[in-house]
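> Any chance you could fold what I've pasted below:
(chains A and B)
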There are 2 protein chains.
Amino acid sequence: MATNTYSIKELLKGTALLQEVTAKGWIRTFRSNRFIALNDGSTIHNIQCVVDFENTPESTLKRLTTGAAIAVTGTLVESQGKGQKFEIQVKDLEVLGDSDPETYPIQPKKHSLEFLREKAHLRVRTNTFSAVMRVRSALSFAIHQYFQQNGFYYVNTPVITGSDAEGAGEMFRVSTLDAKNPPLTEEGSVNYKEDFFGKETNLTVSGQLEAETYAMGLGKVYTFGPTFRAENSNTSRHLAEFWMIEPEVAFMDLDGNMDLAEDFIKYVLGYILEHCADDLEFLENRLLQEEKSKPQSERSEMTLREKIRFVLDNNFKRVSYTEAIDILKSSKPNKKKKFQYLIEEWGADLQSEHERYLVEKHFKAPVILFDYPAKIKAFYMRLNEDGNTVRAMDILFPGIGEIVGGSQREERLDVLLEKVKEMGIDEEELWWYLDLRKFGTAVHSGFGLGFERLVLFATGMTNIRDVIPFPRTPQNAEF
Amino acid sequence: MATNTYSIKELLKGTALLQEVTAKGWIRTFRSNRFIALNDGSTIHNIQCVVDFENTPESTLKRLTTGAAIAVTGTLVESQGKGQKFEIQVKDLEVLGDSDPETYPIQPKKHSLEFLREKAHLRVRTNTFSAVMRVRSALSFAIHQYFQQNGFYYVNTPVITGSDAEGAGEMFRVSTLDAKNPPLTEEGSVNYKEDFFGKETNLTVSGQLEAETYAMGLGKVYTFGPTFRAENSNTSRHLAEFWMIEPEVAFMDLDGNMDLAEDFIKYVLGYILEHCADDLEFLENRLLQEEKSKPQSERSEMTLREKIRFVLDNNFKRVSYTEAIDILKSSKPNKKKKFQYLIEEWGADLQSEHERYLVEKHFKAPVILFDYPAKIKAFYMRLNEDGNTVRAMDILFPGIGEIVGGSQREERLDVLLEKVKEMGIDEEELWWYLDLRKFGTAVHSGFGLGFERLVLFATGMTNIRDVIPFPRTPQNAEF
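Reported below is the predicted structural model:
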């Protein structure tokens, strides 16, 4: 690359003012046969390139269409026009790749999000998706930075798993056996001994159990990788393939776990406020525009950045499940039978409507619920002395619902074994997990955070399909 | 956690000297009924904890076995003994979790790497594996930091793919259909329309094609995620599940690609020299010990850190495939027929023995080979004007062989279409990839780096199964 080639982000900072610069990017708009709005993905903002149309051949001007890739060389000057501080006065212009306006799907007009989902290979060329994906990238990095600065080690737990004891949901089978005529055992079932791994394998639903093995050696670890659910949920909140962050810490109890989760979330949201100001401003305005068509009562009380700052500035409310049930039982919507699922007694599983009531109406703050009934939670959660509740915690966010689920893990071999039996889990499958309780066991805790839910919250998008590049959902694995 | 609890890494820096501190970890050794070597995973080093054995019950002393989890409280003092600067004079000691020396597999003696692979859930409790995994974690972070500091955006390309045009290798099928009796079409083949995604899906072998769609919108992107090969390769260099880094940059040609790859590799290796000094020192000494049993001629000429520094301090040799063939043709091992595959003519695919000759014997430096014959490379690589070669590059490392494979991508629709036809690839499958050449196409390039190969190089380990927590290989998906 020539040394005078700059990203548009750099040019818009005034880098190389009054110098001859080259910029390369894609045309967003071209107006008055003169003004190109050029974008290269480095920032939400375009740079204005002023074409000397009198000395530019008509044939070239005609090719300056939305989506075309061009290289311009010219002088970076302060702009006299409104709307931008700097612009390029073009001396030399080359069309690198044309874009036929008759067939290019991404025109400078508002496209529906549904339409753009069908064009997932091109939608990142829009302002909305480029902003979302830059924020997603920044959040990813903030996550790594937080953990690395705090003494955690990154662990890649396996994606293909031979263990089906995780129990977090339906799984996808991974196989290289002949799909139509799989080899069978003498008893007539599929003979997985002949499969690639010599056993039945699936895509992981969680790296937690493997992460625990590493926490019990390295002390503080985290995963950040893809996880899978083969559930036929066609909702705006579910993906079949999504990314999850799972820290796991030896010698940490549930209180430490709550402290960690709160500190972590505040750090990563603070990071994007600082590093993604332009993109968040754009997304905030986009949201305001979106909501104009809604009745006043359905509009958000806070703007996007106010919502993020609200999370940063407030302590998360820590409320036991038992307290929450009391609040819900005596709440107006329960008494007036407005809840779809009425709360009648202790032990009920909370639905999204209850979580939203607690967060949005009652506490008006992020809420950490803890000490859930053992019966509605996973086998590995630590039983409290009461014998009825476990040291689980869920963090509930406004608009999103559950964003974090975690627990202190059952470190006592005898209690864990009893639970495993009670739940009918195959003990032999778990031999390695049980080993952690046999050799140098200790209190430890961790949580899982669904990355796309965090991106939803941070960007104000409402459908989870719009915050991951190529969403995987029932009946959809295009690209 | 109590405020006076410190990691052993902090304590060994002299943090809280002469104060009362608490440390929690696992016993590595306990000798003379007095000296505990305690490790918590935060560092390769143990802290010595001096037990007041006269005032500690015999029953407690008996429980201080290798692998037991304990909490000690005492004063951090300068050590009078050799081998450590600081130690804890224990006032209070609690055994958190016992470890039966009769059954605990990780004893304070040398275990073979093969044995430890069977104990992948416990092997991170050894010095070797904890060092490898801390280096792996640091390398991961350095990778993110390099790209983020240089204006790249992180992109999560899909793991489950409906596209089988990547052509990089055999794939694993992902399905929720009944394994024994899958639904069939009228023609008698498996009816994937009834599968979860409504089509046949596999685990990705590369995120490159999808990353290209993002580069052509965001400009500079990178992936870092798991990729899969269902090849029955039981070697020390192959995994069925491994992590790959794939940057992709719009407006960058092959020269830029070589510059980027070299700069990137030097950055991440420089990062671990700075941040993992203790672990690298340990791994270096481990390697020296390992090699003592080898004849002089088979030992490395350089120590581990010398090898890393050698890569940092030297320019990678850039050599065209054609030049390399000339060198190989007239090389001693070719003339004396020592190569298993003799190099006879231009067009031959290079084998590992040839790559190693070039790197280790001829150039004695990392080598970038470029401009390969089109016939032995992938369909998406840019054809040179000679019509015979493509703008491909491979980076070859001493001991490792190919560590990076990349190319400038074919940006011309007509040339790409011809190649797709020639290679018999289904054009319709690639509609979205071809769209990139229809709308605003431009020169762009990228490469793939197999993360585990980099970790092998950085740690001096020789089997790829030993640099990933839970390796997936033919017949092996335990844990």
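> So A:Leu283: helix, strand or coil?
helix (DSSP: H, G, I helix; E, B strand; the rest coil).
> Quick check: it touching A:Arg305?
No. Using CB atoms under 8 Å, A:Leu283 is not in contact with A:Arg305, being 9.0 Å away. Any C-beta I mention is one placed from the backbone N, CA and C, and that applies to glycine too.
> who has more neighbours, these two?
Set A:Leu283 next to A:Arg305 and count neighbours by other CB atoms under 10 Å in any protein chain shown: A:Leu283 wins out with 24 against 16.
> and that one, what does it touch?
A:Thr128, A:Ala131, A:Val132, A:Val135, A:Leu304, A:Thr459, A:Gly460, A:Met461 (CB atoms under 8 Å, 6 or more residues apart in numbering or on different chains).
> and what of A:Glu290?
Counting by CB under 8 Å, 6+ apart, A:Glu290 touches no other residue.
> quick one: pLDDT of it?
Per-residue confidence (pLDDT) for A:Glu290: 91.
> Quickly find the element holding it.
Per DSSP states H and E, A:Glu290 falls inside helix A:277-292.
> how about that helix: buried residues?
A:Asp279, A:Leu280, A:Phe282, A:Leu283, A:Glu284, A:Arg286, A:Leu287 (16 or more other CB atoms under 10 Å in any protein chain shown).
> any idea how far it is from the chain center?
On the basis of CA atoms, centre = their mean, to the nearest Å, helix A:277-292 sits 19 Å off its chain's mean C-alpha point.
> Could you check how far the residue lying closest to A:Met393 once chain neighbours are set aside is from A:Ile343?
Once flanking residues are discounted, A:Met393 sits nearest to A:Phe370: 4.3 Å by CB to CB, 6 or more residues apart in numbering or on different chains. Distance, A:Phe370 to A:Ile343, by CB to CB, to the nearest Å: 18 Å.
> cool, and A:Arg229?
Distance from A:Arg229 to A:Ile343, by CB to CB: 27 Å.
> quick one: A:Phe224 and A:Leu113, what's the gap?
Relative to A:Leu113, A:Phe224 is positioned 26 Å away (CB to CB).
> ugh, wrong one, A:Ile8
Using CB to CB, one gets 25 Å for the distance from A:Ile8 to A:Leu113.
> Which one's more surrounded, those two?
Shown here are A:Ile8 and A:Leu113; by other CB under 10 Å, A:Ile8 has more neighbours (22 against 15).
> dump the residue contacts of the more buried one.
By CB under 8 Å, 6+ apart, the contact list for A:Ile8 reads A:Ala23, A:Gly25, A:Leu38, A:Asn39, A:Asp40, A:Ser42, A:Thr43, A:His45, A:Asn46, A:Ile47.
> Up against chain B, what does the stretch 351-479 of chain A have?
Counting by CB under 8 Å from any CB of the partner chain, the stretch 351-479 of chain A comes close to chain B at A:411, A:432-433, A:435-443, A:468-470, A:472, A:474-479.
> what about 10 Å?
Contacts of the stretch 351-479 of chain A with chain B, taken as CB under 10 Å from any CB of the partner chain, map to A:411-413, A:431-433, A:435-444, A:451-452, A:468-479.
> where's the closest residue to chain B within the stretch 251-400 of chain A relative to A:Phe379, distance?
Residue nearest to chain B within the stretch 251-400 of chain A: A:Phe251 (4.4 Å; CB to the nearest CB). Using CB to CB, we find A:Phe251 at a distance of 22 Å from A:Phe379.
> For the two, indicate the residue with more neighbours.
Using other CB under 10 Å, the more surrounded residue of A:Phe251 and A:Phe379 is A:Phe251, with 23 against 19.
> confidence score at the nearest residue to the more buried one once chain neighbours are set aside?
Excluding its sequence neighbours, the residue lying closest to A:Phe251 (CB to CB, 6+ apart) is B:Lys24, at 4.4 Å. B:Lys24 is assigned a predicted lDDT (pLDDT) of 98.
> What of A:Ala165?
Among the per-residue scores, A:Ala165 holds a pLDDT of 62.
> got a list of what A:Thr227 touches?
A:157, A:159, A:166, A:168-169, A:203-208, A:239, A:241-244, A:246, A:448, A:450-451, B:159 (CB atoms under 10 Å, 6 or more residues apart in numbering or on different chains).
> switch the cut-off to 6 Å
Residues in contact with A:Thr227, defined by CB atoms under 6 Å, 6 or more residues apart in numbering or on different chains, are A:Thr204, A:Val205, A:Ser206, A:Met244.
> do the same with A:Val268
A:Leu139, A:Ala142, A:Ile143.
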